[in-house]
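Colleague: A predicted structure for the sequence below; I have some questions about it.
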Amino acid sequence: MDACSAVGRDIDKVLSKFTTYSDHASSTLGGLQANIESLKTDIDNVGYGDVSESQAMQLTQTLGRVKEAVSRLSIEHRDLHSSVSRVGKAIDKNFTADFGCLANDEVLTGDKQHLVNEVICQHFYREGLLDIAEEHIKETGLELPHEAREPFFELNRILGALKNKDLGPALTWAQENRDKLREQNSSLEFKLHRLAYISLLSQQPVNVSQAIEYARTYFTPFVYHHEKVIQSLMGCLLYVKGGLENSPYAHLLSPSQWTEICDVFTRDACSLLGLSVDSSLAVCVNAGCTALPVLLNIKQVMAQRQVHNMWNTKEELPVSIEFPDMCNFYLPNICFAMKLEVSDHKNKVKLIYCVVVKKSKIVKILVNSKLKITFYLLE
């Protein structure tokens, strides 16, 4: 971040100079243009060949001012080039251009290269860049089955509709997958209906009867889990005539509601479709950017002290690096407390702390139908 801030300050200085130069140039050229047009009008009024001595002098003086202004602006423009070049020097000074010392060439060989290309392709699909993804498949020779692409098509189609404030596709999808969403304790369908209800109250003129009928039809199945929220939504009807934006319920009209529903849909849909919420490529890039500064410092210290062969393996990092939550993962088939590993998908049971172990192993150590793992202090 320090490097970015340092370069950012130089960029701000350059942009400030661009603005100053632009304003000064516009003012100078505008004044000269006005003088020239005024002088031209005076000469046209006199007639061809009848230019007075004073007008000839004014014309000479004006041409001199134009030449002087153009010369001055040219010099100032050349000064801008030196300011821009300083930004390049700041980038070279604050950022490392060569990361070859940390590169692992084995990542881009054989089957691993295929995995890298697949991750890149999936990222394009996630971002809705379908044309680029298809071109990437052609150029790399990937064989990505249509079944693997279809979830991304549907995800992007629904997200695109939500960004255009169209709840229809998302509601249809949520209703079709209602049972699976309930198994995940998802509140997606209710939040979609909540937003649809708020949209009805935002229309002009407001049709209160239609909004009440919508609430009766679609909120009833969710009363048990969302009673207080529904009460609040019904209470806002008292302020509809005066305008919700001037009421205690103004937060219901916040544009962030649409951003939130996009995030909720992405999270629940990805979970349902067996996809990670975050792009694998984005996770890898974020993890790499977090680790690079530390690893570069270690390399520099080792080079300065002429220490060799201390970091001779690329299977693990030489130091512990704190990663953000999105970069932390746990092996789903290993319990680190019980030191057990399973591979049979049918022979697993999920524990509270979200890892799975072999069911037959748990049965052997159950006491009164309870299993206590002291490592997690959970029962």
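Modeller: Everything's here; your move. Numbers count the residues shown, from 1 in each chain.

Colleague: any low-confidence regions in this structure?
Modeller: 1, 47-51, 96-104, 107, 306-318, 325-379 (pLDDT under 70).

Colleague: domain boundaries for it, per the record?
Modeller: The chain breaks down by automatic domain parsing into domains covering 2-94, 145-273, 283-326, 330-365.

Colleague: now the end-to-end length of the second one.
Modeller: If I follow you right, that is domain 145-273. Using C-alpha to C-alpha, to the nearest Å, one end of domain 145-273 lies 16 Å from the other.

Colleague: ok, the first one next?
Modeller: Distances were taken as C-alpha to C-alpha; on that basis the terminal residues of domain 2-94 are 8 Å apart.

Colleague: gap between it and the chain center?
Modeller: Taking the mean of its C-alpha atoms, domain 2-94 sits 40 Å from the chain's own mean (C-alpha atoms, centre = their mean, to the nearest Å).

Colleague: show me where the stretch 51-200 of the chain has its helices.
Modeller: 53-94, 110-126, 130-140, 146-163, 168-176, 178-183, 188-202 (DSSP state H, counting those that start in this stretch).

Colleague: same for the fifth one, what does it pack against?
Modeller: In terms of contacts (3 or more C-beta pairs under 8 Å, 6 or more residues apart in numbering; DSSP states H and E), helix 168-176 is packed against helix 146-163, helix 188-202, helix 256-273. For every residue, glycine as well, the C-beta is placed using N, CA and C.

Colleague: now the shortest one
Modeller: The elements that helix 178-183 packs onto, with contact taken as 3+ C-beta pairs under 8 Å, 6+ apart, are helix 188-202, helix 256-273.

Colleague: then the second one?
Modeller: Based on contacts counted as 3+ C-beta pairs under 8 Å, 6+ apart, the elements that helix 110-126 packs against are helix 130-140, helix 146-163, helix 280-304.

Colleague: in the longest one, what counts as buried?
Modeller: So the one you mean is helix 280-304. 280-283, 286-287, 291, 295, 298-299 (16 or more other C-beta atoms under 10 Å).

Colleague: related to what we said a few turns ago, and Lys17, which of the helices and strands packed on helix 178-183 is closest to it?
Modeller: helix 256-273 (36.3 Å; C-beta to C-beta).

Colleague: gap between the closest one and the chain center?
Modeller: The answer for helix 256-273 is 14 Å, by C-alpha atoms, centre = their mean.

Colleague: same check, this time on stretch 232-241
Modeller: The answer for stretch 232-241 is 35 Å, by C-alpha atoms, centre = their mean.

Colleague: so what touches that stretch?
Modeller: 194, 197-198, 201, 206, 208, 211-212, 215, 219, 244, 246-249, 252 (C-beta atoms under 8 Å, 6 or more residues apart in numbering).

Colleague: among those, which two are most distant?
Modeller: Of all pairs in the contacts of stretch 232-241, the most separated under C-beta to C-beta is Phe219 and Asn246 at 24.8 Å.

Colleague: that older thread, and of the helices of the stretch 51-200 of the chain, who's closest to Gln304?
Modeller: Nearest of those (C-beta to C-beta): helix 53-94, 18.7 Å.

Colleague: just checking, what packs against the closest one?
Modeller: Helix 53-94 packs on helix 2-46, going by 3+ C-beta pairs under 8 Å, 6+ apart.

Colleague: now do the helix it packs on against helix 280-304, angle only.
Modeller: 110 degrees (axes from the mean of the first three to the mean of the last three C-alpha atoms, to 10 degrees).

Colleague: residues contacting Ser52?
Modeller: Val46 are the contacts of Ser52 under C-beta under 8 Å, 6+ apart.

Colleague: which one of Phe219 and Asn246 has more residues nearby?
Modeller: Neighbours were counted for Phe219 and for Asn246 using other C-beta atoms under 10 Å; Phe219 has more, 19 against 9.

Colleague: go ahead and confirm that one touches Ile230.
Modeller: Yes: using C-beta atoms under 8 Å, Phe219 is in contact with Ile230, at 5.1 Å.

Colleague: which of the helices of the stretch 51-200 of the chain sits closest to Gly274?
Modeller: Per C-beta to C-beta, nearest to Gly274 of these: helix 146-163, 8.1 Å.

Colleague: can you list contacts of the closest one?
Modeller: Residues contacting helix 146-163 (C-beta under 8 Å, 6+ apart): 122, 125-126, 128, 130, 133, 167-170, 173, 258, 261-262, 265-266, 269-270, 273, 275.

Colleague: now those residues: which count as buried?
Modeller: 122, 125-126, 128, 133, 167, 170, 173, 258, 261, 265-266, 269-270, 275.

Colleague: which one of the residues you listed is nearest Arg305?
Modeller: Closest to Arg305, out of all of the buried ones among the contacts of helix 146-163 and judged by C-beta to C-beta, is Gln122, at 42.4 Å.
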